[in-house]
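A.B. asks: I would like the atomic coordinates for the input below:
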Amino acid sequence: MTRQLPIESFRNIGIIAHIDAGKTTVTERILFHTGRTYKIGDVDAGTAVMDWMAQERERGITITAAATTTEWRDHTINIVDTPGHVDFTAEVERSLRVLDGGVVVFDAVAGVQSQSETVWRQADRYHIPRICFVNKMDRVGADFQRTVEMIKERLSARPVAIQVPIGVEDAHRGVIDLVEMKAITFSGEPEDQPEIGPIPGTYGKEAQIRREQLVEAIAEVDDQMLISYVEHHDVSPTELKKALRRATIANLVTPVLCGSALKNKGVRPLLDAVIDYLPSPAEVPPVIGTHPKTGELLERHPKDDEPFSALAFKIVADPYVGRLVYFRVYSGTAKQGGSVLNSARGGRERLGRILRMHANRREDIDDVQAGDIAATVGLKNTFTGDTLCAQGQPVLLEAIKFPEPVISVAIEPKTKNDQDRMVETLVRLGEEDPTFHARYDSETGQTIISGMGQLHLEIIVDRMLREFNVEANVGRPEVAYKETILQPAKAEGRFVRQTGGRGQFGVVELEVEPQQQGAGFEFESKIIGGSIPREFIPAVEQGVREALETGVVSNYPVIDVKVRLLDGQSHPVDSSEMAFKMAGSLGLQAALKRAKPILLEPYMKVEVATPDEFFGDVLGDITSRRGQVVNVDQRGHLRVISSIIPLAEVFGYATDLRSISQGRATHTMEFDHYEEVPVSVAENVIGRARGVVRR
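C.D. replies: Numbers count the residues shown, from 1 in each chain. Okay, the predicted model is just below:
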C-alpha cells in the first residue's frame, strides 16, 4: 500500500476555547481560505458547516465535536471543532485524547475565561502543544497585551507573542509578524489576499522591542537559540522559526497570534502557524499500550510498517449510513473490508466503508494510514475508548476517562409506541455520549436519565423527539447525590439457606475504608489458604459492586471506597457463585453502616461577569445560595466573581441572574467537586428521597 502523503505533512488539531470565543467562526474561515468551502458559514445565521445539528443552528452553540479535513501549503489538516459549553466537556476530552496539537481561541475583550482554564487543563493532561489565537481584536475593549498576561498568570503558561496587532477596536487592520518582521494588512473582504509590506514607522520601535523579547523568551528554553542570543548574532527568520517549532512541540512555550476571524483578519497567518509550529504525528512520542493478556508495556510508533493500532474516540448514529465509529490511527494501515481485533472486548470486527468526514458530509477512501483520523461503518461492538489493532499483534491503548453525571431527570414515554422505541433510543444515545447515563428505577417504575447539566439533558430529550421520533414527559431535575464513608469498618456477610436438598452457603468477612476524593472503587482479596475457593472471589466482588449502587444513607451510589475481602467460609456442596455474590452484597451493606456513611453533593464552579452597579446584588445572591466566593476580578467595566455553589442551589440560576442584573450579567457553570452535605440540608434530602426518584 503506498502512502499518498508523507506522515510529516499531516496535522491533527483541535480548535478549543470558552463558549462564544469564536471557535466555530475560526474553523469556518479556515475552511473557506483553504478552499474546502466556497461560501463562508455564519454561526448567527445558522449556516455554519461545522454546526450541522438542528439544535446547534437554533442555539448558535457547538454541541458535538465535528471533524473535517482540509489542505494548506501541501499539508493535510484534520480539524476537530469542539464545544465550549461545559455540559459537553466529554466532546473536548475525547477529541484532545487523539489530537497532536491545539489552537486555543481567546476573546480579546474577556481574555482568559473559566472554560478556557478547563480546556487548557485538559490539554495539559494530554501534553498537547498549543498555539493561541486572540480573536475579536476589532471589538470595543479589545486588549492583546492584557490577554497575553492573563494566559501567563491564570494558565501558568509561557505565552510568546509572535504577532502584535496594527490598530485595535474599529481601527484594527492587520498584524505585525515578529518572526519575519513584516506588516500584514487585511481588507476584511474574504476573497482579498493579505498585503505584506514593511512595518509602518509608528510601530517600528515597538516591533523591535517585541522581537527582542521573543528571541529572549526562546533563548531561555532552547540551547541553540541561547548561543545566538549570548553571542549577539542576528537571528534569521528561518532560525527563529525552527527554534520556535522545537520549543512549541516540547510544550516549553505557546506562540500567540491575533486577529478577527469574523472580519477575515489573521486567519491565513494562523494557518501558516499551524503548519510551522504544531507537530506532525511523526513528531509526537510513540503511543504506549499494554498486551491485553500479559499486561506487558508495548510501544506503537507512527509508521505504516508497524502493526495496526487505533483508538475509537467517538460513536455517532448517522441517519443515512448507520453507526459511525470515528478512530485515530496510531500505527500501521487498514484497508476497507479488512479484519481487526477489538482488544478491549476481545472480539473480531470487520471494517466496512472507510470515510473521510467533513462535519456531517463524508467521502469514501480505500485505506487509512498511521497518523490519520477517519470514520468507518460496520463495527457493531466497538464503543468509545476501545482499541482496534492487528489480530496477530494485540495491544490495548489507554481508554478515555469521562466525568460522572451530576444531574438527573425522570422521563416517561407518552404512548405505548414511544415506550418500545425509547429503550432502543436511549441505548444509542448512551453509546454516542459516555457522560449520558440511562437506567430504570424498579421502585418507582420510571426511567432516569443523567447528564452533565440541564442543557445537556434538554438537548438529549430534543434529539429523542427529532431524530428518533420518541415523545416523552420530563420530570423536574434532581441532583445526583452520592454517598461515601469517613472511617474503616469490618463486617461479616452471611448468606446461608440449607433446608433439605442442595442449599446456598457463602460467608465473607469484609473491611471497608475511605479513599481520596476521585480515587473511585478498589477491591482487594486477602484470602490465603483457600477459605473461599478462588473461583468464587469474582462473585464476591460483583456482589460488592452491585451493593455500592445503592448506599445506606439514602440509597444513592457510594463512591471512593476500598473493599478488602479478609476471610470467609465455604461448603463443599452448597457454596455457589450466587451465594457468595449475595454474601458480598450483605457484608458490604453491614460494613458501610458501621463506617460513618455520609451524603455528598456536587458543587459547581460558577463565574459571573456583571457590570459594577449590580455587583452587590449578585454577590448577595451567591451567598444566599450557600456559595463561597473564591475570587473577584476587574476586567474593564465588568466585575468577575468566581465562586463555588452547591448544584442544588443553582437550578434556574440563569433566569434569576437576568432579573437581578436587568439581563446584563453573564455566567458560566461547571462541575468542580463533591463535598459533604451540611446536616440540616441532609435531613431534608433524605426525607425527600424516600418518596422521590433518585440516582
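
A.B. asks: for the rest of this, base every contact and every neighbour count on C-alpha atoms.
C.D. replies: Will do.

A.B. asks: where does the spatially most central residue of the chain fall, phi/psi-wise?
C.D. replies: A centroid search over the chain (CA atoms, centre = their mean) returns E93, at 2.2 Å, as the residue closest to the centre. For E93, the backbone dihedrals (degrees, to the nearest 10) come out as phi -60, psi -50.

A.B. asks: which residue, other than its chain neighbours, is closest to it?
C.D. replies: Distances taken as CA to CA, 6 or more residues apart in numbering put Q122 closest to E93, at 6.7 Å, once the chain neighbours are dropped.

A.B. asks: am I right that that neighbour is in a strand?
C.D. replies: No. Using DSSP: H, G, I helix; E, B strand; the rest coil, the secondary structure at Q122 is helix, not a strand.

A.B. asks: identify the residue spatially nearest to V507, adjacent ones excluded.
C.D. replies: R494 is the one closest to V507 (CA to CA, 6+ apart), at 4.5 Å.

A.B. asks: which stretch of helix or strand covers the one you found?
C.D. replies: According to DSSP states H and E, R494 maps onto strand 489-497.

A.B. asks: average pLDDT for the helix or strand just after that strand?
C.D. replies: Sequence-wise, the next helix or strand downstream of strand 489-497 (DSSP H and E) is strand 504-514. Average pLDDT, strand 504-514: 93.

A.B. asks: one more: stretch 370-384?
C.D. replies: The model assigns stretch 370-384 a mean pLDDT of 88.

A.B. asks: export that stretch to PDB, keeping only CA atoms.
C.D. replies: Output of stretch 370-384 as PDB, limited to C-alpha atoms (Å, rounded to 0.1, in the frame of the first residue of the first chain):
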ATOM      1  CA  ALA A 370      -0.600   6.000  10.500                       C
ATOM      2  CA  GLY A 371      -1.300   9.400  11.900                       C
ATOM      3  CA  ASP A 372      -4.700   9.900  10.200                       C
ATOM      4  CA  ILE A 373      -8.200  10.300  11.500                       C
ATOM      5  CA  ALA A 374     -11.200   8.700   9.800                       C
ATOM      6  CA  ALA A 375     -14.600   7.100  10.400                       C
ATOM      7  CA  THR A 376     -15.900   3.600   9.500                       C
ATOM      8  CA  VAL A 377     -19.200   1.900   9.200                       C
ATOM      9  CA  GLY A 378     -19.800  -1.700  10.200                       C
ATOM     10  CA  LEU A 379     -18.200  -2.000  13.700                       C
ATOM     11  CA  LYS A 380     -21.100  -3.400  15.700                       C
ATOM     12  CA  ASN A 381     -19.400  -4.000  19.100                       C
ATOM     13  CA  THR A 382     -16.900  -1.100  19.300                       C
ATOM     14  CA  PHE A 383     -17.500   1.700  21.700                       C
ATOM     15  CA  THR A 384     -15.800   5.000  22.800                       C
END
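
A.B. asks: quick one: buried residues of it?
C.D. replies: Of the residues in stretch 370-384, 370-379, 382-384 count as buried by neighbour count, 16 or more other CA atoms under 10 Å.

A.B. asks: and the pLDDT for D51?
C.D. replies: Listed pLDDT for D51 reads 42.

A.B. asks: immediately after the helix or strand of the chain with the lowest mean pLDDT, which helix or strand?
C.D. replies: Lowest by mean pLDDT, DSSP states H and E among the helices and strands of the chain is helix 54-59, with a mean of 52. The first helix or strand that comes after helix 54-59 along the chain, using DSSP H and E, is strand 66-72.

A.B. asks: partners of that next one in the sheet?
C.D. replies: strand 75-81 (antiparallel) (DSSP bridges).

A.B. asks: what lies in contact with the strand it pairs with?
C.D. replies: 9-16, 23-24, 27, 50, 65-71, 95, 275, 372-373 (CA atoms under 8 Å, 6 or more residues apart in numbering).

A.B. asks: now swap in stretch 436-447 and tell me
C.D. replies: Contact partners of stretch 436-447, identified using CA under 8 Å, 6+ apart, comprise 405, 410-412, 426-427, 429-430, 448-452, 693.

A.B. asks: so T382 is in contact with V340, correct?
C.D. replies: No. Taking contacts as CA atoms under 8 Å, T382 lies outside contact range of V340: 11.0 Å.

A.B. asks: any low-confidence regions in the stretch 51-200 of the chain?
C.D. replies: 51-66, 84-87 (pLDDT under 70).

A.B. asks: cutoff 90 now
C.D. replies: 51-71, 73, 76, 79-98, 110-126, 141, 154-156, 168, 170, 187-193 (pLDDT under 90).

A.B. asks: which residues of it fall in helices?
C.D. replies: Here the stretch 51-200 of the chain has its helices, by DSSP state H, counting those that start in this stretch, at 54-59, 89-98, 114-125, 144-155.

A.B. asks: pretty sure the residue nearest to the centre of the chain sits against W120.
C.D. replies: No. Assessed by CA under 8 Å, E93 is found out of contact with W120, at 10.9 Å.

A.B. asks: tabulate the helices of the stretch 51-200 of the chain (a markdown table), appending distance to F313.
C.D. replies: Converted to a markdown table, those look like this (distance: least, CA to CA, whole Å):
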| stretch | distance to F313 |
| --- | --- |
| helix 54-59 | 21 |
| helix 89-98 | 6 |
| helix 114-125 | 16 |
| helix 144-155 | 27 |
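
A.B. asks: closest to D462 out of the ones you listed?
C.D. replies: Nearest of the helices of the stretch 51-200 of the chain to D462, taken as CA to CA: helix 54-59 at 8.0 Å.

A.B. asks: which ones are touching T666?
C.D. replies: 608-610, 657.

A.B. asks: point out the most buried one among the helices of the stretch 51-200 of the chain.
C.D. replies: Mean neighbour count (mean count of other CA atoms under 10 Å) peaks for helix 89-98 among these, with a mean of 24.

A.B. asks: distance from the chain centre to the helix or strand hosting R439, please.
C.D. replies: Taking DSSP H and E as the criterion, R439 maps to strand 437-441. Distance, stretch centre to chain centre, for strand 437-441: 23 Å (CA atoms, centre = their mean, to the nearest Å).

A.B. asks: ok, now stretch 161-175?
C.D. replies: Taking the mean of its C-alpha atoms, stretch 161-175 sits 32 Å from the chain's own mean (CA atoms, centre = their mean).

A.B. asks: likewise for stretch 390-405?
C.D. replies: Relative to the chain's own centre, stretch 390-405 is displaced by 16 Å; criterion: CA atoms, centre = their mean.

A.B. asks: now do the same end-to-end measure for that stretch.
C.D. replies: 34 Å (CA to CA, to the nearest Å).

A.B. asks: contact partners of that stretch?
C.D. replies: Under CA under 8 Å, 6+ apart, the answer for stretch 390-405 is 90, 93-94, 97, 287-292, 298, 307-309, 311, 313, 339-341, 343-344, 348, 384-387, 389, 434-437, 450-453, 480.

A.B. asks: which of those residues are buried?
C.D. replies: 90, 93-94, 97, 289-290, 292, 307-309, 311, 313, 339-341, 343-344, 348, 384-387, 389, 434-437, 450-453, 480.

A.B. asks: okay then, goodbye and thanks.
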